[in-house]
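>>> what's the 3D shape of this:
(one chain, ligands or ions: 2)
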Amino acid sequence: MQRTVSGDVVVDCLLGPADERSLADDVLDGLTRPFKELPPKHFYDTRGAELFDRICELPEYYPTRAERAILEAHSDDIVARTGAAELVELGSGTAAKTRLLLRAMDDAGTLRRYVPLDVTEEMIRRTASELVEEHPGLVVHGIVGDFERHLPYVPAPEDGPRVVAFLGGTVGNFPPGTRRRLLRAIGRLLRPGQDWLLLGTDLVKDPEVLEAAYDDGPGITAEFNRNLLCVVNRELDADFDVGAFEHVAFFDREREWIEMRLRACRRMRVRVGALGLDVEFAPREELRTEISAKFTPERLAGDLTAAGLALGDVLTDPDGLFALSLSTPRRAVAAA
Ligand code: SAH
Ligand code: AVI
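Ligands and ions are numbered 1, 2, ... in the order given. The predicted structure is shown next:
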């Protein structure tokens, strides 16, 4: 781990050469399967993060607006209910919506420390320096890491209640078993009777609305999806013909999740130089790049219960598109 300290900002960097390995392992495993697949965490290089920001501004992509509306209406209540002194945020990105919570904590006089964790170092550093400017006295302890592996590096809680925020519906980017294991690991950051999980989940709705959100008119989501191949080309010396892959997004009505795929327009052989690997694509063969699970109240309660958490308040936007929930550990969570 590499630590840098500057004034009220501490940044721990847990990603290094071993993490190029993590992409290499995922590519080796995912592209040699009968049904090809890559995990979505590799979307977020600098360009991917910029494209995600543009997605959030699209009229079709309602989750960001809906979650923001909930935070605008309820941040004060959330702070009053939890007494939050410390905010830990997983997959913090630009922390755009988080600022509403930090402002409410500051107004309530409870704000002490913000701990953002994200794979994108640039965003952690930029956000940290902006926030200490905006909130004199705030300590930001950023972690450049992978929340699937690095939760044990989140610093021990200080005095006062901790809220762990997992916003944007990112928890839906994991299949059910992994999602529950991740929630259980998050639960270990929480002290029973004191700390809270604030979880953003997108809700099941009209498939047309859902599919439009992941297949927008200007094609920004398509560009975001194809950018994954640019990441593999750059990081692993691969030769994907990126333009020869078509963006596919559909709502799987049985599993109630959006699936994003990339479809090969023709037969292709792709060389992944760093792995000495050749990958064959048949014409129209698809590579799954993301799932984005949508929630019912039952799915939300089931996942949280399975993770050892008790669901408390559930807040929604006026159109009932998105939910923000508060939950607490039911008991000391045993090691998985
Ligand atoms: N929370 C923000 C950003 C959501 S986009 C919002 O609600 O708008 C998802 C974010 O999670 C990105 O910033 C991405 O870099 C980060 N991310 C994805 N997988 C991750 C992982 N395994 N570990 C840490 N961060 C991850
Ligand atoms: C980060 N995550 C919650 C987004 C989602 O909606 O699943 C990522 C995304 N993929 C396409 N558009 C946005």
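
>>> where along the stretch 201-336 of the chain do the helices fall?
All helices of the stretch 201-336 of the chain, identified by DSSP state H, counting those that start in this stretch, fall at 207-213, 220-236, 297-306.

>>> what's the helix or strand for T4?
strand 2-6 (DSSP states H and E).

>>> quick one: strands adjacent to that strand?
Strand 2-6 has its sheet partners listed here by DSSP bridges as strand 9-13 (antiparallel).

>>> tell me the angle of the following helix or strand past the partner strand relative to helix 220-236?
For strand 9-13, the following helix or strand on the C-terminal side (DSSP H and E) is helix 17-30. For helix 17-30 against helix 220-236, the angle by axes from the mean of the first three to the mean of the last three CA atoms, to 10 degrees is 110 degrees.

>>> List the buried residues of helix 17-30.
Neighbour counts over helix 17-30 (16 or more other CB atoms under 10 Å) mark D19, S22, L23, A24, D26, V27, L28, G30 as buried. Any C-beta I mention is one placed from the backbone N, CA and C, and that applies to glycine too.

>>> SS state for whatever residue of the stretch 101-250 of the chain ends up closest to ligand 1?
Closest approach between the stretch 101-250 of the chain and ligand 1, counting by CB to the nearest ligand atom: G168, at 2.4 Å. Look at G168: counting by DSSP: H, G, I helix; E, B strand; the rest coil, its state is coil.

>>> Could you report the pLDDT at it?
pLDDT for G168: 98.

>>> How about the residue in the stretch 151-300 of the chain that ligand 2 sits nearest to: what's its closest non-neighbour residue?
Closest approach of the stretch 151-300 of the chain to ligand 2 (CB to the nearest ligand atom) occurs at S292, with a separation of 3.3 Å. The shortest distance from S292 to any non-neighbouring residue, by CB to CB, 6 or more residues apart in numbering, is to I258 (4.2 Å).

>>> So what's the residue count around the one you found?
23 (other CB atoms under 10 Å).

>>> Surely it and I291 touch.
Yes - under the criterion of CB atoms under 8 Å, I258 lies in contact with I291, with a separation of 6.8 Å.

>>> about what we covered before: show me what contacts the residue of the stretch 151-300 of the chain closest to ligand 2?
If you count contacts by CB atoms under 8 Å, 6 or more residues apart in numbering, S292 has them with G169, G172, N173, D202, Y214, W257, I258, E259, M260.

>>> which phi and psi does P34 have?
Main-chain torsions, P34, degrees, to the nearest 10: phi -60, psi -40.

>>> measure it to L321 for me?
36 Å (CB to CB, to the nearest Å).

>>> ditto for C230
Shown here: C230 relative to L321, a distance of 31 Å by CB to CB.

>>> neighbour-wise, which of the two wins?
Taking neighbours as other CB under 10 Å, C230 and L321 compare with L321 leading, 19 against 16.

>>> Wait, the more buried one touches T201, no?
No - if you go by CB under 8 Å, L321 and T201 don't touch, sitting 10.8 Å apart.

>>> Check what pLDDT D19 gets.
77.

>>> Near ligand 2, which residues of the stretch 1-150 of the chain are found?
Proximity of the stretch 1-150 of the chain to ligand 2, by CB under 6 Å from any ligand atom, involves residues I55, P63.

>>> pLDDT weak spots in this protein?
18, 332-336 (pLDDT under 70).

>>> how about the strands of it, start to end?
Counting by DSSP state E, the chain has strands at residues 2-6, 9-13, 86-90, 113-118, 139-144, 162-166, 196-202, 245-252, 257-264, 268-272, 277-281, 286-293, 309-316, 322-329.

>>> I'd like those strands as JSON lines, with distance to G302 appended.
Output for these, formatted as JSON lines (distance: least, CB to CB, whole Å):
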{"stretch": "strand 2-6", "distance to G302": "39"}
{"stretch": "strand 9-13", "distance to G302": "34"}
{"stretch": "strand 86-90", "distance to G302": "20"}
{"stretch": "strand 113-118", "distance to G302": "26"}
{"stretch": "strand 139-144", "distance to G302": "29"}
{"stretch": "strand 162-166", "distance to G302": "17"}
{"stretch": "strand 196-202", "distance to G302": "12"}
{"stretch": "strand 245-252", "distance to G302": "18"}
{"stretch": "strand 257-264", "distance to G302": "15"}
{"stretch": "strand 268-272", "distance to G302": "38"}
{"stretch": "strand 277-281", "distance to G302": "37"}
{"stretch": "strand 286-293", "distance to G302": "12"}
{"stretch": "strand 309-316", "distance to G302": "10"}
{"stretch": "strand 322-329", "distance to G302": "12"}
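
>>> I'd like those strands laid out as TSV, including distance to ligand 1.
Shown next, in TSV, are the strands of the chain (distance: least, CB to the nearest ligand atom, whole Å):
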stretch	distance to ligand 1
strand 2-6	17
strand 9-13	13
strand 86-90	7
strand 113-118	5
strand 139-144	9
strand 162-166	8
strand 196-202	7
strand 245-252	16
strand 257-264	14
strand 268-272	21
strand 277-281	23
strand 286-293	10
strand 309-316	15
strand 322-329	11
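
>>> With that, I have no additional questions.
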